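> this one's structure only:
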């Protein structure tokens, strides 16, 4: 019966950030996030992807400009060039 009740939970039935998350994803996923992280303060990093992933993308997409890759992955052009140069020195 508990699952049956949750079918009718709407994003506006949730408090604060949970409501905002429910608008982006479904309420069941928000409930899982709540159960796992409730009471904790969560900070989302500015970057979603690891440097290693971004390097692989740069290598796989050599025809795409550094400017476009940097913008897509949240780096400045200068920082992305530094990461690539550091990687090239170490290999």
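Thanks, I have the structure now. As the structure is a computational prediction, the values presented were derived from the model and not from experiment.
> residue ranges with poor pLDDT in the protein?
Across the chain, the ranges flagged by pLDDT under 70 are 1-7.
> could you chop it up by domain?
As assigned by automatic domain parsing, the chain contains the domains 2-37, 51-90.
> between the ones you listed, which gets nearest to residue 44?
domain 2-37 (11.1 Å; CB to CB). The way it works is simple: take the backbone N, C-alpha and C, and place the C-beta from them, glycine included.
> buried residues in the closest one?
11, 14, 18, 21-22, 27, 30, 34 (16 or more other CB atoms under 10 Å).
> could you check which helix or strand contains residue 30?
helix 27-37 (DSSP states H and E).
> by contact count, what packs against the longest helix belonging to the chain?
Assignment by DSSP state H gives helix 77-90 as the longest helix of the chain. Under the contact definition 3 or more CB pairs under 8 Å, 6 or more residues apart in numbering; DSSP states H and E, helix 77-90 sits against helix 51-60, helix 66-73.
> those helices into TSV, with extra columns for mean neighbour count?
Below are the helices and strands packed on helix 77-90 laid out as TSV (neighbours: other CB atoms under 10 Å):
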stretch	mean neighbour count
helix 51-60	14
helix 66-73	14
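> could you dump those helices into a markdown table and include distance to residue 90?
Shown next, in a markdown table, are the helices and strands packed on helix 77-90 (distance: least, CB to CB, whole Å):
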| stretch | distance to residue 90 |
| --- | --- |
| helix 51-60 | 11 |
| helix 66-73 | 19 |
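> nearest to residue 80, out of those?
helix 66-73 (4.4 Å).
> many thanks, I have nothing further to ask.
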